[in-house]
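Visitor: sequence and predicted structure below; questions after.
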Amino acid sequence: MKTFDNDLQAHLDDGTTTLAWCWRILRADGVTFGFTDHDRTLSFDGTDFEPESGLTASEVRSGSDLSVDAQDAEGVLTSDRITETDILDGRWDNAEVEVWRVNWSDPTQRLLMRRGAIGQIRRGRLFFVAEVRSLAHVLGQTVGRTFQATCDAALGDARCGVDLDDPVFTGTGAAIDILCDRAFTASGLGGLSSGWFTFGTVEWTSGVNAGRRAEIIAHDVTDGIAVLTLLEAPVRSIAEGDDFIVRAGCDKRMETCGAKFANVANFRGFPHIPGQDAVLRYATKDGGHDGAVL
């Protein structure tokens, strides 16, 4: 149940209200934004809430169970602070959101309606609709280990223990020829064998993608010329001369963990776990399916 302070309650009881919606959004890159559906700037708690930003809100839906409540925020892609490129680039994904109901004539009278995160974003040609999910969405996320044949650790994290800053696993170079929107020839990597950086990452250090990181789906070397193919094309096009740092990848198999990284002691998979063929086995007259140890 929401608790109103006395001044805001008195304003609501008056019958003639001056209320507006305000959204404070904290993106993963640490940048804070404020938006309001009022026609002038509102300020409180150190944030200026931009008017005429194109944001309008649906009703707030809340339930007593643990289902994920949601509110939609619809906007037009005209604000200098909301661009289609940033949306496509994932900068707004899972951003923290505070939704406030504010008396625009006296912003000290306000109520925090909900906290949540940006969920699904639907885009049109000139507008977007962002889902503001309640904190209950965290309860739907998978927590704990996954029992599977391959490793479930992220290469280089605390569970894996591989030092990706080791020169053996790290390289630097620059894009030379752009073959398509997600593939390019690279300098500085010709001396390494094909596949060394497959499933690894490339981190751009110059150009319009500086600071962004992308996954590598293929690394090929032909006649000393390295070709990197990204899993997805960057939203901002790669240009010749863009510098990058590239780090080795892992296919999550125990054989690769030992041969490439000498790290079998930290392997986090279960290579001997029975596969689906064991689940589907059934008894037959010709033997071999009698339930004995395989």
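Guide: That came through fine.

Visitor: just checking: what are the partner strands of the longest strand along the chain?
Guide: The longest strand of the chain (DSSP state E) is strand 110-123. Looking at strand 110-123 with DSSP bridges, its partner strands are strand 96-103 (antiparallel), strand 127-134 (antiparallel).

Visitor: can you find the helix or strand of this structure with the lowest average pLDDT?
Guide: strand 70-76 (a mean of 53; mean pLDDT, DSSP states H and E).

Visitor: beyond it, next helix or strand please.
Guide: Remark: after strand 70-76, the chain's next helix or strand is helix 84-88, criterion DSSP states H and E.

Visitor: which neighbouring elements make contact with that following helix?
Guide: Other helices and strands packing on helix 84-88, by 3 or more C-beta pairs under 8 Å, 6 or more residues apart in numbering; DSSP states H and E, are strand 110-123. Using the backbone N, CA and C atoms, a C-beta is placed for each residue, glycine as well.

Visitor: distance check, the spatially closest residue to Pro234 that is not a sequence neighbour against Gly15.
Guide: Nearest non-adjacent residue to Pro234, counting by C-beta to C-beta, 6 or more residues apart in numbering: Asn209, 5.4 Å away. Per C-beta to C-beta, to the nearest Å, Asn209 is found 54 Å from Gly15.

Visitor: of these two, who's got more company?
Guide: Ranked by neighbour count (other C-beta atoms under 10 Å), Asn209 and Gly15 place Asn209 first, with 21 against 6.

Visitor: shouldn't the more buried one be in contact with Asp243?
Guide: No - counting by C-beta atoms under 8 Å, Asp243 is not a contact partner of Asn209; they are 10.3 Å apart.

Visitor: for the stretch 51-200 of the chain, which spans come out with low pLDDT?
Guide: Scanning the stretch 51-200 of the chain for pLDDT under 70 picks out the ranges 52-82, 122-128, 134-142.

Visitor: Asp181 - how many residues pack around it?
Guide: Asp181, neighbours per other C-beta under 10 Å, totals 12.

Visitor: now do the spatially closest residue to it that is not a sequence neighbour against Phe184, distance only.
Guide: The shortest distance from Asp181 to any non-neighbouring residue, by C-beta to C-beta, 6+ apart, is to Ala233 (3.9 Å). Counting by C-beta to C-beta, the separation of Ala233 from Phe184 is 11 Å.

Visitor: of the two, give the one with the bigger neighbour count.
Guide: Per other C-beta under 10 Å, whichever of Ala233 and Phe184 has more neighbours is Phe184, with 23 against 13.

Visitor: what's the nearest residue to the more buried one if we skip its chain neighbours?
Guide: Nearest to Phe184 is Ala175, by C-beta to C-beta, 6+ apart, at 4.5 Å.

Visitor: and that neighbour, that one's in a strand?
Guide: Yes - assessed by DSSP: H, G, I helix; E, B strand; the rest coil, Ala175 belongs to a strand.

Visitor: who's in contact with it?
Guide: 184-186, 238-242, 244 (C-beta atoms under 8 Å, 6 or more residues apart in numbering).

Visitor: 7 Å instead?
Guide: 184, 186, 238, 240-242 (C-beta atoms under 7 Å, 6 or more residues apart in numbering).

Visitor: which residues does it bridge with?
Guide: With DSSP bridges as the rule, Ala175 is bridged to Ala186.

Visitor: quick one, helices of the chain?
Guide: Secondary structure of the chain by DSSP state H: the helices cover 6-13, 84-88, 254-261, 276-279.

Visitor: domains for the chain, by residue range?
Guide: The chain breaks down by the TED database into domains covering 6-140, 167-247.

Visitor: how many neighbouring residues does Gly249 have?
Guide: 22.

Visitor: and Gly30, by the same measure?
Guide: Gly30 - counted by other C-beta under 10 Å - has 6 other residues nearby.

Visitor: what of Arg145?
Guide: Arg145 - counted by other C-beta under 10 Å - has 11 other residues nearby.

Visitor: with the one 5 residues further on instead?
Guide: Burial of Thr150 is recorded as 18 neighbouring residues (other C-beta under 10 Å).

Visitor: excluding residues flanking it in the chain, which one is nearest it?
Guide: Lys252 is the one closest to Thr150 (C-beta to C-beta, 6+ apart), at 3.8 Å.

Visitor: how much space is there between the one you found and Gly269?
Guide: In this view, Lys252 and Gly269 are 7 Å apart by C-beta to C-beta.
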